[in-house]
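Asks: mind folding the following:
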Amino acid sequence: MKISLFVFLLLFGLMGFVSGQYYGGGGGFFYGTEQVINSLVQNLEPLFRALLGGQDWTGYLLFEKVLLFVLISIITGLVLHNLPIFKDRTHKGILRLVAIIIGLLGVRNLNYIWIGTILVQYQVLFVAIAGILPFMIYWYFVKEFDGWIKKAAWIFYAVIYFGLWTTTELEAYASVYLWGALGSLIYAFFIDIRVQQWLDDQKRKLDYHRKIWNQIAETNEKIAKISQNITNGYHPKPEEARKEIEKLTNHRIWLEKQTRKTT
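Replies: Residues are numbered from 1 along each chain as shown. Model prediction:
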């Protein structure tokens, strides 16, 4: 997959260079690349308009329709792949065809109002992810700080957002900056302690589990060694050895119960 992508980009670059030399536009590589892109758009747009344009055959929101078609077809293919009838490799072509048909039927006559509604949801998703990402990065940066050093770091974070809030002239930006500042302060003084306690508890449980599983592995090793000595006739007192195996087995069972109690 990576090799195919590299070859495609290489060919695309060569096509741009050749086109630049052919057109003699003086822009060199970038001018040729622009010509190639324009040529692709001019040749593919009528095809996608015919397939996805709907009744009016316009190119409005055509790029968005193409992306929705690809997205729906991929998701449909993944769902159909789980059906027993399509699990056979001989039906892979039929599966892809059905996924494409469903994608075309779903997008072709989709009303522009519905497309706008779908796009708004993706915009909200993007804003939510992009908006919380700086908070997550900063949280990861200061999570190892202790006490008031961490609180001072969060206060500094809030001060920056308050500064942006007081200086911005756009109402939408102002709301984001204000809630970012308030949210960071609420987290620093009311939520961070609980989050840190939870993280510490998880770390302690993980360390405890590792210790228990190491003891289980050592117990299994002892049982295997004693059993091998009994089988080979090396142990002078087989009956006592079997009692030792039984004792070790009970100890292993007890250790396994301890791991289940702490999950």
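Asks: just checking, what packs against the longest helix belonging to the chain?
Replies: The longest helix of the chain (DSSP state H) is helix 192-232. Here helix 192-232 touches helix 147-167, helix 238-261, going by 3 or more Cβ pairs under 8 Å, 6 or more residues apart in numbering; DSSP states H and E. Backbone N, C-alpha and C define where each C-beta goes, glycine included.
Asks: residues in contact with the longest one?
Replies: Helix 238-261 has contacts (Cβ atoms under 8 Å, 6 or more residues apart in numbering) with 209, 212-213, 215-216, 219-220, 222-223, 226-227, 229-230, 235.
Asks: can I have the buried ones of those residues as a ChimeraX selection?
Replies: One line in ChimeraX is enough to select the buried ones among the contacts of helix 238-261; burial here means 16 or more other Cβ atoms under 10 Å:
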select :212,216,219,223,226,230,235
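Asks: show me where the stretch 1-150 of the chain has its helices.
Replies: Counting by DSSP state H, counting those that start in this stretch, residue ranges of the helices within the stretch 1-150 of the chain are 2-23, 28-52, 62-81, 92-108, 112-142, 147-167.
Asks: put together JSON lines for these, with distance to Asp200 and mean neighbour count on each row.
Replies: As requested, the helices of the stretch 1-150 of the chain are arranged in JSON lines below (distance: least, Cβ to Cβ, whole Å; neighbours: other Cβ atoms under 10 Å):
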{"stretch": "helix 2-23", "distance to Asp200": "41", "mean neighbour count": "12"}
{"stretch": "helix 28-52", "distance to Asp200": "53", "mean neighbour count": "14"}
{"stretch": "helix 62-81", "distance to Asp200": "39", "mean neighbour count": "16"}
{"stretch": "helix 92-108", "distance to Asp200": "47", "mean neighbour count": "16"}
{"stretch": "helix 112-142", "distance to Asp200": "16", "mean neighbour count": "12"}
{"stretch": "helix 147-167", "distance to Asp200": "14", "mean neighbour count": "15"}
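Asks: now render those helices as CSV, adding mean pLDDT and distance to Ile193.
Replies: Listed next are the helices of the stretch 1-150 of the chain as CSV, based on pLDDT from 0 to 100; distance: least, Cβ to Cβ, whole Å:
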stretch, mean pLDDT, distance to Ile193
helix 2-23, 46, 45
helix 28-52, 72, 53
helix 62-81, 88, 41
helix 92-108, 86, 48
helix 112-142, 88, 14
helix 147-167, 91, 10
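Asks: closest one to Ser184 among those helices?
Replies: Smallest distance to Ser184 across the helices of the stretch 1-150 of the chain (Cβ to Cβ): 4.6 Å, for helix 147-167.
Asks: for that closest one, packing partners?
Replies: helix 112-142, helix 171-186, helix 192-232.
Asks: and the ones you listed as CSV, adding distance to Tyr161?
Replies: Output for those, formatted as CSV (distance: least, Cβ to Cβ, whole Å):
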stretch, distance to Tyr161
helix 112-142, 10
helix 171-186, 4
helix 192-232, 17
